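> From the sequence below, what's the structure:
(one chain, ligands or ions: 3)
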Amino acid sequence: MGKATKYISKVPNDNGVIDWTDEENTIWHELITRQLDCIKGKACDEYWLGLDKLDLPRDRVPQLDEVSAVLTKETGWQCYPVPALIGFEEFFRLLSERKFPVATFIRSREEFDYLQEPDIFHEIFGHCPLLTNKSFADFTQAYGQMGLNASKEQRVFLARLYWFTVEFGLLKTDQGYKIYGGGILSSPAETEYAINGIEAQRDAFDMLTVLRTPYRIDIMQPVYYCLSELTDLDKMREYSVEDVMDFIKQAQTMGLLEAKFQQKAS
Ligand SMILES: C[C@H](O)[C@H](O)[C@H]1CNc2nc(N)[nH]c(=O)c2N1
Ligand SMILES: N[C@@H](Cc1ccccc1)C(=O)O
Ligand SMILES: [Fe+2]
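Ligands and ions are numbered 1, 2, ... in the order given. Just a heads-up that it's a prediction; the model follows:
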C-alpha cells in the first residue's frame, strides 16, 4: 500500500507506552521549538487554542495517551497508533470512530523541513490541536463515515476533499491567510511557502473544483483552497451523502483539472 516507508515505526508496549530514544526526543524538541516560531502569525486562532489545551511537551515525544486524554475530554477523539500510511478502509473506519491514525515514527534530521509521509510530529503537532475544535472534529468524523460507505472510485475523489481541507486547508481572513491544514502546520518549509510563497496559488474553496484537482504527495502544494472561517466546515457537513456523491458524479463527468505540477518522474 503506498510507497514503502523507509522508517521503522515503534510498537507501543502493553501499557501503550512507546520507548523513544534520546535522539528521537531531541528531534521532537528541535521540531516543536522551531515550528512554534515558524507558525507565529500564520496558524489560525483555533489552532493556537487547541495547542494550549494539549500543552504538548517540548523536550520529548508525547505519549499517545497524554494527547488522547485532552482530545477525549474536548471532542471525544483519541490517538490511534498505526505504523505509517494505512489503507482507505482502515483510515475511514478509524476516523468514523473518532480515532485519529498516528504514525509511530519520527522524521530524520535529513527530512526535518519536509517529509512525504505523515510522522508522529505531523499527526500530533499538525493535526491534534484542531481536533479539540468542534467544527473540525465533527467534520473529520463525518468525513470518515462518508468514506466508509463510499465505493473505491468515490474514495479517490473523497481523498481530495480531505487533502485540501484537513491536510492543506487555508483560511482567508481579514488578517490575511491563516493555516488550518495539518500537512502545512507540521512542515517548517511549507508553512512559509503556503503563506508567502509567490508561486503558490490560493483560490476560494469550491467543492467541485476540489474534487477535480489532482495532487502529488511528494511536493509542496502548487494550489491551496481557502475557506473564510473554520465554521465553514459545519456548512460543508450539511451536505448530505447524496449531495457529495452527486458532486463526485459531476466531477467524474467533467474529468480532472489540468495538473499544476510536473508529472512525477516515473
Ligand atoms: C484519504 C487521505 O487523503 C489519505 O489518502 C489517507 C490514506 N492513509 C492515511 N494513513 C495515515 N496514517 N494517515 C493519513 O493521513 C492517511 N491519509
Ligand atoms: N509534509 C508534511 C508531512 C505530510 C506528509 C503526507 C501528507 C501530509 C503531511 C511535513 O513535512 O510535516
Ligand atoms: Fe495528515
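> Now do stretch 67-82: distance to the chain's middle.
Chain-centre distance of stretch 67-82: 15 Å, with CA atoms, centre = their mean, to the nearest Å.
> just stretch 230-242 next, same as before
18 Å.
> and it, how far apart are its ends?
Start-to-end span of stretch 230-242 (CA to CA, to the nearest Å) is 23 Å.
> Now do the buried residues in stretch 10-21.
For stretch 10-21, the neighbour count (16 or more other CB atoms under 10 Å) marks 10, 18, 20 as buried. C-beta here means a position set from N, CA and C on the backbone, and glycine is covered the same way.
> Read off the pLDDT value for the first one.
This points to K10. Confidence at K10, expressed as pLDDT, is 96.
> Got phi/psi on it?
Main-chain torsions, K10, degrees, to the nearest 10: phi -90, psi 140.
> So it sits against A103, correct?
No: counting by CB atoms under 8 Å, K10 stays clear of A103, with 9.9 Å between them.
> Contacts for stretch 234-247 next, please.
Identification of contacts with stretch 234-247 by CB atoms under 8 Å, 6 or more residues apart in numbering yields 135, 138-139, 142, 146, 149-150, 154, 158, 161, 165, 207-208, 211.
> change it to 7 Å
Contacts of stretch 234-247 with the rest of the structure, by CB atoms under 7 Å, 6 or more residues apart in numbering, involve 135, 138-139, 142, 146, 149, 154, 207-208, 211.
> sorry, back to before: would you turn the buried residues of stretch 10-21 into JSON lines with distance to ligand 2?
Shown next, in JSON lines, are the buried residues of stretch 10-21 (distance: CB to the nearest ligand atom, whole Å):
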{"residue": "K10", "distance to ligand 2": "18"}
{"residue": "I18", "distance to ligand 2": "19"}
{"residue": "W20", "distance to ligand 2": "18"}
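> Give me the helices and strands touching the helix or strand where L208 lies, please.
Assigned by DSSP states H and E, L208 belongs to helix 207-211. Packing partners of helix 207-211 (3 or more CB pairs under 7 Å, 6 or more residues apart in numbering; DSSP states H and E): helix 152-162, helix 241-254.
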